[in-house]
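Enquirer: Okay, predicted coordinates and the sequence, questions at the end:
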Amino acid sequence: MKKVFFCGLFLLLIQFCEAQGKLSWQGYFSFNEIKDISESATSVIAASENALFSRNTTTNVLKSTTTVDGLSGQTISAVYYSETFKKTIIGYENGLMIVINEGDGSILKVVDIINKQLPANTKKINHFMENNGLIYVSCDFGIVQFNLKTSQFGDTYFIGDNGAEISVKQTTMFNGFIFAATSSGIRKADSTNTNLIDYSQWSVVNGGDWSSVEALDAELIAVNNSGYIHRFNSNTFVGFSQLPQVAVDTRAKNHVLFVTTANTVYVYNNQMVLNRQVVNTQVLDNTLTFSCASAVGNQIFIGTKEKGLFVSALNNVTAFENSTPSGPVRNNIFSIDASANNLWAVYGDYDISYNPYPLDSYGVSRFNTSGWLNVAYSDVYDAKSITRITINPNNEKQVYASSFFSGLVKIQNDIPTLLYNEKNSGLESITTEGPNYIDVRINATAFDKSGNLWVTNSRIKNGLKVLKTNGQWGSYAMTSILDDAEEENYSSIAIDRNDVKWIGTYSSGVVGFNETTNTFKKMTFGTDAGNLPIADVRTIALDAKNQLWIGTTKGLRVLSNVSSFQSESQLKANPIIISEDDLAQELLYEQFITSIAVDGANNKWIGTADSGIFMVSPNGQETKYHFTINNSPLPSNYINDIKINAKTGEVFIATSKGLVSFGGIATEANDDLSNVYVYPNPVRPNYNGTVKVAGLIDKANVKITDIEGNLVYEITSSGGTIEWDTTAFGKYKVASGVYMVFISAEDGGETKVKKVMIIR
């Protein structure tokens, strides 16, 4: 039986909370794409793509809620706060509902709509309307009742013709009737009718396609799908005002109606007199796209698709202030790199066949203890589709960003300083599209031990480049090893201790290059050609034992010793065979592997395209963790990239729906014991975590004793950090007091003594 330390589904809230309490997760989400907003008496609550944040209008305190707190990574489509029940209800495009109880902070996931026997594309939640303790949930199939007191669903109303499914965009209560704006007319029913599941109880008020209906004091307002505002008069809706754009949101708040279009918010009083008109250039510029608007007190809040939430005075034309938590530009981060003090992220991408079109224009982002810095597209010399970013290991203030269209951007001290392209460097444009077509496709880059930067330049003959420390460029032809170098794309590059460059390719497997002897070798598909399961290699990584781990679109292979490059004419990689249920199995058989990272203890973190992330032991025989959206805060099972902070052990995981990190302790080993430290120190009564001893050399012996010399813990380090759960060999918690930490090298040649105080 394969040993699994942490696996399985957490279907109950209490299980999820308990499991995550033992592990350390952080979320690094973008809040820029506002899907919906709601209000309490003192706060505005904004739903971004898959996270929430609120701002207290009195204290201006911002609070965020993400998958780390228990939200789903799926796309949010609606949010509502019940002042009466002190609950926040979140609706998702897939039909999931989440209820957050403000009183105890509990989070309840409700899957009744997801589980309905209906087409998946009809389960989107569009709107919430509260009345007498019930929430009327507008969905793309009809209306569902939800009881706020019991957190149980009630009746479902299919109100289309002859009881058919129909997309309901919004509901409201007016003069004792429920009005529903649908894709096939505005329909109404008596709210006291106990038989509303009978479609015949719902009558059509007006035909056509309607986006919203909202009660505004004595007025009932509806907007059709072409942006025509109507007022209810007797038994029908009468045209009132044609907007120049389609309305994306309509809501009444504090006797005021807000009608939002892509670039304008119209503010009407309860007599339907236009009091104010806010255009996007007043908020920021004409690149903003509005998504919704509302008010808390005398403040207007406007949600946008690109820059988050803006706030201003409701009645006076004043400057708008951005009221969004800091974060990356977007959640779909394609690639990252991490150093001791900085994390960099880029957003450009390409499809499965390395096609970058449509080209992206997102810039780059940097995170450190100061927060997020987002470098605009215009500041990176308009470099499009930036797919990789690499920090200089000898100077973390120097960073290189690879554009899969424009070349290579050099960033110094957070400021882009140069764009290398076909005009000013050894980089080349693809030639297959003709001489007038400029397309410089740079992807994977890596520094060698001398500080030279090696660069992969796709779809040209000389696909391997080097930027030397003296500023000169070198170029190496791939034609001797690749049959069609002018069509080849490169995914990744790693450089081993012997300075051999290992390059992953789209259609040729792994290429190794020895610069000293000018020798190329290749491993590709087939038992006699390298034994890869497929020639499409997406990621490679070198581990502490000189092994090359190779991730393909069809599984995992390992070259057991990279030094064999010198002696073997045909290199051969092999699968890792594990025992599972007493059967021999291939580790990650047929999995699409997107990323591999090696931590300080030589464990492998392996990302996949649809199965989340695996952490396996140094030899791959044990799966220590398998994180997915079902048992962890991962917002998506599609892992784009993994990088590890060697100093802290923090594992950064970039997914298609957000960036999270796992607080590992496997840091890189130090050269000596001069920088050993213990944290936290002292250990205070309210601390429930472990004590870490960091700054260790590999295979250091660590003994912890009480002040009288009684041994309470002993371990040999793997990497640079060990942790102690403050128990005596797991039996009981040790008492308050000073404990001695004795550290010695494997050969006894170096020692260090530290102290840690524990206060119970």
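Expert: Perfect, thanks for sending it. Note that the coordinates shown come from a computational prediction; the quantities given were computed from them, not determined experimentally.

Enquirer: buried set for stretch 410-425?
Expert: By neighbour count on 16 or more other CB atoms under 10 Å, the buried set for stretch 410-425 is 410-411, 416, 419-422, 425. (C-beta placed from N, C-alpha, C; glycine too.)

Enquirer: Can you name the two of these that sit furthest apart?
Expert: Spanning the widest gap among the buried residues of stretch 410-425 are Ile411 and Glu422, at 20.1 Å by CB to CB.

Enquirer: Looking at the buried residues of stretch 410-425, which are in strands?
Expert: 410-411, 416, 419-420 (DSSP state E).

Enquirer: Kindly indicate which of those residues lies nearest Asn531.
Expert: Tyr420 (36.8 Å).

Enquirer: The closest residue in space to that closest one that isn't next to it in sequence sits in which helix or strand?
Expert: Nearest residue to Tyr420, sequence neighbours excluded (CB to CB, 6 or more residues apart in numbering): Leu408, at 4.2 Å. Per DSSP states H and E, Leu408 falls inside strand 407-412.

Enquirer: and that strand with strand 415-420, angle?
Expert: On the basis of axes from the mean of the first three to the mean of the last three CA atoms, to 10 degrees, strand 407-412 is oriented at 150 degrees to strand 415-420.

Enquirer: Just the CA trace of stretch 239-257, in PDB.
Expert: Written as PDB, here are the backbone C-alpha positions of stretch 239-257 (Å, rounded to 0.1, in the frame of the first residue of the first chain):
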ATOM      1  CA  GLY A 239     -40.800  52.900 -22.100                       C
ATOM      2  CA  PHE A 240     -39.100  55.700 -20.200                       C
ATOM      3  CA  SER A 241     -35.500  56.200 -21.400                       C
ATOM      4  CA  GLN A 242     -33.300  54.500 -24.000                       C
ATOM      5  CA  LEU A 243     -29.700  54.200 -22.800                       C
ATOM      6  CA  PRO A 244     -26.900  54.400 -25.300                       C
ATOM      7  CA  GLN A 245     -25.500  51.100 -24.000                       C
ATOM      8  CA  VAL A 246     -26.900  47.900 -22.600                       C
ATOM      9  CA  ALA A 247     -27.500  48.000 -18.800                       C
ATOM     10  CA  VAL A 248     -25.300  45.500 -16.900                       C
ATOM     11  CA  ASP A 249     -26.700  46.100 -13.500                       C
ATOM     12  CA  THR A 250     -29.800  47.800 -12.000                       C
ATOM     13  CA  ARG A 251     -30.500  48.200  -8.200                       C
ATOM     14  CA  ALA A 252     -32.300  50.400  -5.800                       C
ATOM     15  CA  LYS A 253     -30.600  51.500  -2.500                       C
ATOM     16  CA  ASN A 254     -31.600  54.200   0.000                       C
ATOM     17  CA  HIS A 255     -34.400  55.500  -2.200                       C
ATOM     18  CA  VAL A 256     -32.000  55.900  -5.200                       C
ATOM     19  CA  LEU A 257     -31.800  53.800  -8.400                       C
END
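
Enquirer: What's the mean pLDDT across that stretch?
Expert: Regarding stretch 239-257, the rounded mean pLDDT is 97.

Enquirer: Please apply the same query to stretch 623-638.
Expert: Averaged over stretch 623-638, pLDDT sits at 96.

Enquirer: and it, how far from the chain's centre?
Expert: Taking CA atoms, centre = their mean, to the nearest Å, the mean C-alpha location of stretch 623-638 is offset from the chain mean by 12 Å.

Enquirer: Name the residues of it that are buried.
Expert: Within stretch 623-638, the residues that count as buried by 16+ other CB under 10 Å are 623-629, 631-638.

Enquirer: For it, measure first residue to last.
Expert: 19 Å (CA to CA, to the nearest Å).

Enquirer: Tally up the residues packed near Ser191, please.
Expert: Counted with other CB atoms under 10 Å, the neighbours of Ser191 add up to 17.

Enquirer: Please verify my assumption that it contacts Phe179.
Expert: No. Using CB atoms under 8 Å, Ser191 is not in contact with Phe179; the gap is 9.9 Å.

Enquirer: so what sits against both of these two?
Expert: Met173 (CB atoms under 8 Å, 6 or more residues apart in numbering).

Enquirer: And the pLDDT for Thr552?
Expert: We have a pLDDT of 98 for Thr552.

Enquirer: Just list whatever residues bridge to it.
Expert: Note on Thr552: beta-bridge partners by DSSP bridges are Val537, Gly555.

Enquirer: Who are the contact partners of it?
Expert: 532-538, 593.

Enquirer: about what we covered before: which one of the ones in strands among the buried residues of stretch 410-425 is nearest Val204?
Expert: For those, the residue nearest Val204 by CB to CB is Pro416; the value is 58.5 Å.

Enquirer: Run a quick neighbour tally on the nearest residue to the closest one once chain neighbours are set aside.
Expert: Using CB to CB, 6+ apart and skipping the chain neighbours, the partner closest in space to Pro416 is Val380 (4.9 Å). Residue crowding around Val380 was assessed by other CB under 10 Å; the count is 22.

Enquirer: List the residues that contact Val380.
Expert: 363-364, 386, 401, 409, 411, 416, 419 are the contacts of Val380 under CB under 8 Å, 6+ apart.

Enquirer: The same query, at a cut-off of 10 Å, please.
Expert: Val380 makes contact with 346, 361-364, 386, 401, 403, 406, 409, 411, 416, 419 under the criterion CB atoms under 10 Å, 6 or more residues apart in numbering.

Enquirer: Looking at those residues, which is nearest Glu306?
Expert: Nearest to Glu306 among the contacts of Val380, counting by CB to CB, is Tyr362 at 10.6 Å.

Enquirer: I figured the closest one hits Pro328, correct?
Expert: Yes. Using CB atoms under 10 Å, Tyr362 makes contact with Pro328 at a distance of 9.5 Å.

Enquirer: shared neighbours of those two, anything?
Expert: The overlap between the contact sets of Tyr362 and Pro328 (CB under 10 Å, 6+ apart) consists of 345-347, 374.

Enquirer: Show me the two of those residues that sit farthest apart.
Expert: Maximum pairwise distance among these (CB to CB): 11.3 Å, between Val346 and Asn374.

Enquirer: Now do the one helix or strand Gln26 maps to: distance to the chain's middle.
Expert: According to DSSP H and E, Gln26 maps onto strand 25-28. For strand 25-28, the distance from its own C-alpha centre to the chain's C-alpha centre is 9 Å (CA atoms, centre = their mean).

Enquirer: Flag every buried residue along it.
Expert: 25, 27-28.

Enquirer: where do the strands sit along the stretch 451-600 of the chain?
Expert: Counting by DSSP state E, counting those that start in this stretch, the stretch 451-600 of the chain has strands at residues 453-457, 464-467, 473-476, 490-495, 500-505, 510-514, 519-523, 537-542, 548-552, 555-559, 577-580, 583-586, 593-598.
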